[in-house]
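**Q** fold the following.
(one chain, ligands or ions: 1)
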Amino acid sequence: MALNLAVLLSGNGTTLQNLVDRIDRGELSARVTCVVSSRQDAYGIERARRHGIPAVVVNRKDFASSADFNAALWRTVRQHPVDFVALAGFMSLLEVPKDFAGRILNVHPALIPAFCGKGMYGHYVHEAVLAYGAKLTGATVHFVDDQYDHGPIILQASVPVLDDDTPDSLAARVQTCERELFPRAIQLIAEGRVHIEGRRVRID
Ligand code: GAR
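**A** Below is the predicted model:
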């Protein structure tokens with residue numbers, strides 16, 4: 001059965017684009033029923049509209065508190081049929097409503113629990129990996145709880161860090177990895193093969 005997905009983003013939207021392309025190619029049993037952006041200027045909104053997907057801005061800057069922002073965000077999401085929520089470069093802290101626990105996914109461009117947490121997103125992650133001298137990094141798809149990059153891990157894959165890497169070259173290698181991992185995790189969920197057991201995730 002096709003999963004109804006809400007995609008939450010704050011930026012360029014290449015993660016959204018990848019999901020939509022895979023759905024169009026019949027590689028992912030899902031449909032994106034809405035896109036919500038926490039920033040007015042996110043290019044991801046344009047990508048959504050081009051595909052005829054309803055796209056709404058719930059601008060973090062318009063809200064004094066995280067609680068008010070989250071209330072507006074979830075009101076918007078609930079106006080659409082949504083089985084799962086996919087965070088695709090969503091850069092605000094999400095408060096997880098009880099009925100969405102275990103139904104929100106994030107992709108992080110590192111091997112959690114390394115190089116993650118508040119302030120660790122986008123290029124900051126790859127800069128930190130290079131500064132530390134790690135030899136491996138990668139991508140993680142995980143369930144979202146109320147802490148940054150913290151919920152149970154569904155899939156991880158690693159890539160090497162090369163001697164002559166720059167943050168950009170490393171980001172490109174990690175993104176190639178993300179582009180495979182995120183749709184694969186969503187497809188496993190669509191097939192009913194993903195089970196949360198405490199902090200661990202079992203895949204049938
Ligand atoms: C992605 O590379 C994703 O891994 C990262 O933001 C990028 C979003 O790009 N997410 C995080 O850092 C989450 N902590 P996009 O806007 O082009 O999809």
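**Q** give me the pLDDT value at whichever residue of the chain sits closest to the ligand.
**A** Nearest residue of the chain to the ligand, counting by Cβ to the nearest ligand atom: residue 89, 2.5 Å away. In this view, the C-beta of every residue, glycine as well, is placed from N, C-alpha and C. What the model reports as pLDDT for residue 89 is 93.
**Q** pretty sure it sits against residue 123.
**A** No - with contact defined as Cβ atoms under 8 Å, residue 89 does not count as touching residue 123 (11.8 Å).
**Q** looking at these two, which one has more neighbours?
**A** Of the pair residue 89 and residue 123, residue 89 is the one with more neighbours under other Cβ atoms under 10 Å, namely 22 against 12.
**Q** pLDDT value on the closest residue to that one other than its chain neighbours, please?
**A** Leaving aside its sequence neighbours, residue 89 sits nearest to residue 11 (Cβ to Cβ, 6 or more residues apart in numbering; 4.7 Å). pLDDT recorded at residue 11 is 95.
**Q** then the one 3 residues further on?
**A** If you check residue 14, the pLDDT there is 96.
**Q** three-state assignment of the closest residue to it other than its chain neighbours?
**A** Nearest residue to residue 14 in three dimensions, chain neighbours excluded: residue 175, at 7.3 Å (Cβ to Cβ, 6+ apart). Classification of residue 175 by DSSP: H, G, I helix; E, B strand; the rest coil places it in helix.
**Q** how many neighbours does residue 175 have?
**A** So residue 175, with other Cβ under 10 Å, has 17 neighbours.
**Q** again with residue 127
**A** 16.
**Q** next up, the contacts around it.
**A** Shown in contact with residue 127 (Cβ atoms under 8 Å, 6 or more residues apart in numbering): residue 167.
**Q** in a helix, it, correct?
**A** Yes - if the criterion is three-state DSSP, then residue 127 is within a helix.
**Q** coming back round to it: can you give me every residue that contacts the residue nearest to residue 89?
**A** So residue 11 contacts 39, 42, 43, 44, 89, 91, 122 (Cβ under 8 Å, 6+ apart).
**Q** near the ligand, which residues of this protein?
**A** Residues of the chain lying near the ligand by Cβ under 6 Å from any ligand atom: 9, 11-15, 44, 88-89, 107-109, 121-122, 125, 149, 175, 178.
**Q** narrow these to those in helices?
**A** Under the assignment DSSP state H, those contribute 14, 15, 44, 125, 175, 178 to helices.
**Q** my read is that the third one contacts residue 18, right?
**A** No - using Cβ under 8 Å, residue 44 is not in contact with residue 18; the gap is 11.5 Å.
**Q** the more surrounded of those two?
**A** residue 44 (26 against 19).
**Q** excluding covalently adjacent residues, which one is nearest to that one?
**A** residue 13 is the one closest to residue 44 (Cβ to Cβ, 6+ apart), at 2.4 Å.
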